[in-house]
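Undergrad: A structural model of the following input is requested.
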Amino acid sequence: MIVSSTLFWTLLVFYSILTVAGILYRSKPNTYKPLEQYPSVSIFIPAHNEGKVLAETLDAMVKLEYPGELIIYLLNDNSKDETGEIADFYASTFPRIKHIHVPPGKPSGKSRVLNYGLSISDSDYICVYDADNQPEPQALKLLVERAEQVPGAVGAVGYVWTVNETKNWLTRMIAMEFKVFQLLMQSGRWLMFKTGSLTGTNMLVSRETMIKNGGWDPYALAEDADLTMTITAAGGLLPIVPESRTWEQEPETFRVWLKQRTRWMEGNLYIIFKSLRKPSWFKGRTAAHSFHQLLVYVGFVLLLIISDIWFILGLLGKAGTDITTPLLILWFQSYLVYLMQLFSALTVDRSLTPMNMFIAVIMYFTYAQLFMVLLVRALYFQVKKAWKKEDVVWDKTVRF
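TA: I've put the predicted structure just below:
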């Protein structure tokens, strides 16, 4: 009881401190100035059967306001729908857009496609956007300015907003998760430890850094997190840029969400297992990322289990009359901390509406509990793939 309580509260206090640090960082004004000369940038958009969303994405790409040389590569990974026709139309209309047919290969997946883009481009920076993203006009410019002006930076990381946030309760919960764990906590870690995590989209990395570190790991399902570890271990900094925003579609049904998040969990478990074979990933700034992976994808689930046990024992009185009340108090305090983190993120983003407040109140009992399911599913599929020696597969998220 004492050991579990100590660990439980240590993590809660740590995340609370990160929340405060994130609020402080986001409240700072942007003091970075326009550059006299902007470096060249290649945007990579990996696409596999993205006909439903690609036109809106390319519409946003041609509206990007970037003063330097910019080439947009639509990396078509053997799509069977109208992705090719849409890409051909935009490529023939806008000189900045290039429609690239990626040759078939193994292992299949986003990393292999991005590595092919790296092999055919020669710009100073590489920027990645998913095929359902709609970056704001200044998004790329802000990333480059931060990467060029922060000492030691080799890239930069922007923010991902949910374009279909108000569709239903699930999309609202996903949006809140991003507000807290992707931006607020990210901002807090950058302020405290100078560590930033690539998000897979709206992210910028210098070409020199990519070449030096061998590009993307083709076996990593969470290629962004894996690249973050590699870059940080090599001494590179990835500053967080909250002002750089892109809008992304999120799953609107539980089935699609479950499939997507299981893949994400698998990818991050792969990184955890990989880090155990790399002692350098537990040194310096990289250690913060390694321990963060353990906290988020293992520690958070354990916290949920402990918290649920406390709650049930407290309600049923099975733990004995002398500790029943403390158990309920401990559970309530942990729930309150979780709720305050959500409310803080909503306040900073100016989205503290009655509906969002209600969703935040029930998220712990619903959305958060599903991470235990994700961990079990991911472990099962990891063991299955290792046993059958199956290749990595591009399991694309269904668009709406």
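Undergrad: okay, strands next: where are they in this structure?
TA: 41-47, 70-76, 97-101, 125-128, 133-135, 155-162, 203-206, 240-248 (DSSP state E).
Undergrad: for L12, find the nearest of the ones you listed.
TA: Closest approach to L12 among these (C-beta to C-beta): strand 240-248, 22.9 Å. (Each C-beta comes from the backbone N, C-alpha and C, glycine too.)
Undergrad: okay, now the sheet partners of that closest one, with direction.
TA: strand 133-135 (antiparallel), strand 155-162 (parallel) (DSSP bridges).
Undergrad: put the alpha carbons of stretch 107-114 into PDB.
TA: Extracted C-alpha coordinates of stretch 107-114, given in PDB (Å, rounded to 0.1, in the frame of the first residue of the first chain):
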ATOM      1  CA  PRO A 107       8.500  -3.800 -45.300                       C
ATOM      2  CA  SER A 108       5.500  -1.900 -46.300                       C
ATOM      3  CA  GLY A 109       4.700   1.200 -44.200                       C
ATOM      4  CA  LYS A 110       5.000   4.900 -43.800                       C
ATOM      5  CA  SER A 111       8.800   4.800 -42.900                       C
ATOM      6  CA  ARG A 112       9.700   3.100 -46.200                       C
ATOM      7  CA  VAL A 113       7.700   5.700 -48.200                       C
ATOM      8  CA  LEU A 114       9.400   8.600 -46.300                       C
END
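Undergrad: mean confidence score for that stretch?
TA: The average pLDDT within stretch 107-114 is 86.
Undergrad: circling back: mind putting the strands of the chain into a markdown table with mean pLDDT and distance to A378?
TA: Output for the strands of the chain, formatted as a markdown table (pLDDT from 0 to 100; distance: least, C-beta to C-beta, whole Å):
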| stretch | mean pLDDT | distance to A378 |
| --- | --- | --- |
| strand 41-47 | 96 | 22 |
| strand 70-76 | 96 | 27 |
| strand 97-101 | 96 | 32 |
| strand 125-128 | 96 | 24 |
| strand 133-135 | 95 | 25 |
| strand 155-162 | 93 | 22 |
| strand 203-206 | 96 | 23 |
| strand 240-248 | 94 | 22 |
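Undergrad: and K110, which of those is closest to it?
TA: Among the strands of the chain, if distance is taken as C-beta to C-beta, the winner is strand 41-47, at 5.2 Å.
Undergrad: before we move on, back to that, just name the most buried of the strands paired with strand 240-248.
TA: strand 155-162 (a mean of 25; mean count of other C-beta atoms under 10 Å).
Undergrad: tell me the centre residue of this protein?
TA: By C-alpha atoms, centre = their mean, the chain has its centre lying nearest to T199, at 3.7 Å.
Undergrad: how's the protein carved up into domains?
TA: Domain assignment for the chain by automatic domain parsing gives 2-18+281-388, 39-250.
Undergrad: now the strands paired with strand 240-248 as a markdown table including distance to Q369?
TA: Converted to a markdown table, the strands paired with strand 240-248 look like this (distance: least, C-beta to C-beta, whole Å):
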| stretch | distance to Q369 |
| --- | --- |
| strand 133-135 | 29 |
| strand 155-162 | 21 |
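Undergrad: of all those strands, which lies closest to I23?
TA: strand 155-162 (14.6 Å).
Undergrad: burial check on Q149, number of neighbours?
TA: Residues near Q149, counting by other C-beta atoms under 10 Å, number 14.
Undergrad: my read: it touches T31, true?
TA: No. Counting by C-beta atoms under 8 Å, T31 is not a contact partner of Q149; they are 9.2 Å apart.
Undergrad: closest to L24 out of the strands paired with strand 240-248?
TA: For L24, the closest of these is strand 155-162, at 16.5 Å, according to C-beta to C-beta.
Undergrad: what about the stretch 1-150 of the chain, any weak spots by pLDDT?
TA: 1-8 (pLDDT under 70).
Undergrad: all helices of it, in order?
TA: With DSSP state H, counting those that start in this stretch as the criterion, the stretch 1-150 of the chain has helices at 2-27, 54-62, 83-93, 110-120, 139-149.
Undergrad: deepest-packed of the ones you listed, please.
TA: helix 139-149 (a mean of 23).
Undergrad: list the helices and strands that one packs on?
TA: strand 41-47, strand 125-128, strand 155-162, strand 203-206, strand 240-248 (3 or more C-beta pairs under 8 Å, 6 or more residues apart in numbering; DSSP states H and E).
Undergrad: let me have these in CSV, extended by distance to L184.
TA: Converted to CSV, the helices and strands packed on helix 139-149 look like this (distance: least, C-beta to C-beta, whole Å):
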stretch, distance to L184
strand 41-47, 27
strand 125-128, 22
strand 155-162, 10
strand 203-206, 18
strand 240-248, 9
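Undergrad: winner for burial among the domains of the chain?
TA: Of these, domain 39-250 is the most buried (mean count of other C-beta under 10 Å), at a mean of 20.
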